[in-house]
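K.L.:
Show me the folded form of this:
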Amino acid sequence: MNTLKKFLTNEELFDGGKDWALLILRVIPSFYLFFYHGMGKITAGTDTWESLGAAALSLIGISFGHVIFGFLAALSEGVLTWFVLLGLKTRLASFFIMMTMFFAGSYHLSKGEGPELAFIYFAVYFTLFLRGPGNFSLDANFES
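P.N.:
Take a look at the predicted model:
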């Protein structure tokens, strides 16, 4: 009966369950964001970065710095995902990934495309930004 009560309440299912949940929330989305989106962007070069930057910045009327902002988007998806995956500077890395996903989702929405994947990633990294990486992280091991 006690186990059933745990399923029906806000009580933690087992000791360290929240830390395991945060580990899973960090590792799986970060791997997929890197593998399917970031790896190609970070290695693509300035033409791709300019295209990325132009796509995002045109939404807010900025017509300069496209390569820099595109590089920052590629950096978020291609490098900072590894920071989150490892739990290193998780909140800072999550913040930059959140901003990238917000602009990506807004871009897709403005084009009439499906923005849901970008906004799901946004929600994941927003949760990690608010909650932190948990105890199974490099951040937790370097605190003190």
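K.L.:
Just say helix, strand or coil for N10.
P.N.:
What DSSP: H, G, I helix; E, B strand; the rest coil gives for N10 is coil.
K.L.:
any idea how far V67 is from it?
P.N.:
To V67, N10 is 47 Å away according to C-beta to C-beta, to the nearest Å. C-beta coordinates here come from the backbone N, C-alpha and C atoms, glycine included.
K.L.:
what do you get for L22?
P.N.:
For L22, the distance to V67 equals 35 Å [C-beta to C-beta].
K.L.:
quick one, which of these two is more surrounded?
P.N.:
Shown here are L22 and V67; by other C-beta atoms under 10 Å, L22 has more neighbours (22 against 18).
K.L.:
Need the nearest residue in space to the more buried one, chain neighbours excluded.
P.N.:
Once flanking residues are discounted, L22 sits nearest to G134: 3.3 Å by C-beta to C-beta, 6 or more residues apart in numbering.
K.L.:
Need the contact partners of stretch 131-144.
P.N.:
Stretch 131-144 is contacted from outside by 16, 18-23, 26, 84, 86-91, using C-beta atoms under 8 Å, 6 or more residues apart in numbering.
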